[in-house]
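J.: Sequence and predicted model, in that order:
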Amino acid sequence: MDGGILGLVREVFFINSAITAFLTDRPTPTIARSLLGHQLHFQTPTGKLTALITETEAYLGAPDAGAHAYQNHQTPRNRALWQPAGTIYIYQLRAWLLLNLVTQSAGTPECVLIRAVEPVAGLKRMQQNRAQTGANLTNGPGKLMQALGLPRELNGHPLNESALSLDIQPSRQPAQIVTTSRIGIVNKGAWTQAALRYYVAGNPYVSKISRRTVDHQHHGWLVASER
DNA sequence: GTTAGGATCTCCT
DNA sequence: GGAGATCCTAACT
């Protein structure tokens, strides 16, 4: 607290520079993979909701037949994708909202879909936001949006300058990461098969997994003695 | 355990 | 009118 307003401005600038570097300096699939174990925070008037990212998918812009930005096709819905790294892209699918984080520099419409998270703080609030408990709280892209109560108005706003923020440092480290093709991408040739989905092996808060593969003790995260 | 139908917004034909 | 980066419930096996 020594720099007053100027210090705060410097701090915000530093954080945003770090976020930008994290979301631009590597290929988007690498970014999607490395987001596992990082925390998302949603600041509400009545408290903060926190969750660990457990499952992601990479969408690779113009060449990617599975992506909204395929062939650089821009519409009012998806224009956030052309904004700089760290921009929040939220869109509605049927009755649900889905959360994406834009990667790479402005004009390169790549992003990471956040497909699942593990609740860390604000569990009670998440249960109120959804009429569900347990893994069903956040083990899907539409579910986690409802659990966190993220409004569609966040679309187009920058991470960490809005109520939604991402930790640059990971909080946990996956013991093992599983890579598969993306969910729901059908009839898109090679892009249907492309291995662009990543999740923490054994974590219960992952979409479309068998209950039998769940690691009930550590949720697939490395424990201190294993590091 | 799997499957079918409906909810309901945006974009395309 | 139809499909989609989804999810819930009910009704099956």
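T.: Thanks, I have the structure now.

J.: In chain A, which residue sits nearest DNA strand B?
T.: residue A:77 (2.7 Å; Cβ to the nearest atom of the strand). All C-beta spots, glycine's among them, are computed from the backbone N, C-alpha and C.

J.: Now the residue nearest the centre of chain A: closest residue in space that isn't a chain neighbour?
T.: The centre of chain A sits closest to residue A:114, judged by Cα atoms, centre = their mean, with a distance of 3.1 Å. Leaving aside its sequence neighbours, residue A:114 sits nearest to residue A:99 (Cβ to Cβ, 6 or more residues apart in numbering; 4.7 Å).

J.: do the same with residue A:185
T.: The spatially closest residue to residue A:185, leaving aside those adjacent along the chain, is residue A:66, at 3.9 Å (Cβ to Cβ, 6+ apart).

J.: Any idea which residue of chain A lies closest to DNA strand C?
T.: Counting by Cβ to the nearest atom of the strand, chain A gets nearest to DNA strand C through residue A:140 (2.1 Å).

J.: For that residue, give its distance to residue A:71.
T.: According to Cβ to Cβ, to the nearest Å, residue A:140 and residue A:71 sit 28 Å apart.

J.: between these two, which one's more packed in?
T.: residue A:140 (23 against 11; other Cβ atoms under 10 Å).

J.: Quick one: residues contacting residue A:207.
T.: Residues near residue A:207 by Cβ atoms under 8 Å, 6 or more residues apart in numbering: A:55, A:115-116, A:139-141, A:183.

J.: Mind naming the longest helix for chain A?
T.: helix A:4-22 (DSSP state H).

J.: In PDB, could you pull the C-alpha coordinates for that helix?
T.: Output of helix A:4-22 as PDB, limited to C-alpha atoms (Å, rounded to 0.1, in the frame of the first residue of the first chain):
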ATOM      1  CA  GLY A   4      -1.400   4.900  -3.500                       C
ATOM      2  CA  ILE A   5      -3.400   5.100  -6.700                       C
ATOM      3  CA  LEU A   6      -0.300   5.000  -8.900                       C
ATOM      4  CA  GLY A   7       0.900   1.900  -7.200                       C
ATOM      5  CA  LEU A   8      -2.500   0.300  -7.700                       C
ATOM      6  CA  VAL A   9      -2.400   1.200 -11.400                       C
ATOM      7  CA  ARG A  10       1.100  -0.300 -11.700                       C
ATOM      8  CA  GLU A  11      -0.100  -3.500  -9.900                       C
ATOM      9  CA  VAL A  12      -3.100  -3.900 -12.200                       C
ATOM     10  CA  PHE A  13      -0.900  -3.300 -15.200                       C
ATOM     11  CA  PHE A  14       1.600  -6.000 -14.000                       C
ATOM     12  CA  ILE A  15      -1.200  -8.500 -13.400                       C
ATOM     13  CA  ASN A  16      -2.700  -7.900 -16.800                       C
ATOM     14  CA  SER A  17       0.700  -8.100 -18.500                       C
ATOM     15  CA  ALA A  18       1.200 -11.500 -16.800                       C
ATOM     16  CA  ILE A  19      -2.200 -12.700 -17.800                       C
ATOM     17  CA  THR A  20      -1.600 -11.600 -21.400                       C
ATOM     18  CA  ALA A  21       1.800 -13.400 -21.500                       C
ATOM     19  CA  PHE A  22       0.200 -16.600 -20.000                       C
END
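
J.: next helix or strand past it?
T.: Following helix A:4-22 in sequence order, the next helix or strand is helix A:28-34 (DSSP states H and E).

J.: Neighbouring strands of the helix or strand following that following helix in the sheet, and parallel or not?
T.: Next in sequence after helix A:28-34, counting helices and strands by DSSP H and E, comes strand A:39-44. For strand A:39-44, the paired strands and their directions (DSSP bridges) are strand A:47-59 (antiparallel), strand A:164-166 (antiparallel).
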